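> quick one, what's the 3D model for this:
(one chain, ligands or ions: 1)
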Amino acid sequence: MRRVIQGVVVASVALVGTIILVVPQATAAAKPTIVKITVVKGRPVGGIKRPTVTKGTTVRFVIVADRGEELHLHGYDLERVVRPGKPTVMQFVARIPGRFELELHEPDALLSRLTVKP
Ligand SMILES: [Cu+2]
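Sure, this is the predicted structure:
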């Protein structure tokens, strides 16, 4: 009887250990941080967004702008063509720590200041 109980305890500890190891990694990899910004008259509605993420996080900017030609994420040097009224998606893995500005060009406007923690 004691041996059976020991076996159950060992199996339970092994199972719990597996769940703890597997679950956080799976969710961290699967879930991007989504930052939605609407731009009216060339300005971000509600002001400049200031998201903070940890290095290695997937970030997805979704911008709907009523005007503008290009989105530009400084530091990462990513650019996307803007089609007014349609969502512009910029997705990337935040591998560089620091603070980075997302700008709209033509007209020029600061939309977001992204902080990537090491
Ligand atoms: Cu720029």
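
> note down every partner strand of the host helix or strand of residue 35 and its orientation.
Using DSSP states H and E, residue 35 sits in strand 33-40. Strands flanking strand 33-40 in the sheet, each with its direction: strand 43-44 (antiparallel), strand 58-65 (parallel) (DSSP bridges).

> next up, the contacts around the residue in the chain positioned nearest to the ion.
The nearest approach of the chain to the ion comes at residue 72, 3.5 Å away (Cβ to the ion). Where you see a C-beta, it was placed from the backbone N, CA and C, and this is true even at glycine. By Cβ atoms under 8 Å, 6 or more residues apart in numbering, the contact list for residue 72 reads 78-79, 102-105.

> residue 44 too?
The contact partners of residue 44, taken as Cβ under 8 Å, 6+ apart, are 37-38, 109-112.

> now swap in residue 61 and tell me
Contact partners of residue 61, counting by Cβ under 8 Å, 6+ apart, are 35, 37, 71, 73, 88-91, 102, 112.

> about what we covered before: emit the PyMOL select command for whichever of the contacts of residue 72 are buried.
Typed into PyMOL, the line below selects the buried ones among the contacts of residue 72, using 16 or more other Cβ atoms under 10 Å:
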select buried, resi 102+104
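
> ok, and which of the contacts of residue 72 reach the ion?
The subset of the contacts of residue 72 within reach of the ion, by Cβ under 5 Å from the ion, is residue 103.

> kindly reformat the contacts of residue 72 as TSV containing pLDDT, secondary structure and distance to residue 46.
Conversion of those to TSV gives the following (pLDDT from 0 to 100; DSSP: H, G, I helix; E, B strand; the rest coil; distance: Cβ to Cβ, whole Å):
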residue	pLDDT	secondary structure	distance to residue 46
78	98	strand	23
79	98	strand	24
102	98	strand	15
103	98	strand	17
104	97	strand	15
105	96	strand	21
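
> pick the one among the contacts of residue 72 closest to residue 51.
Distance to residue 51 across the contacts of residue 72 (Cβ to Cβ) is lowest for residue 102, with 9.8 Å.
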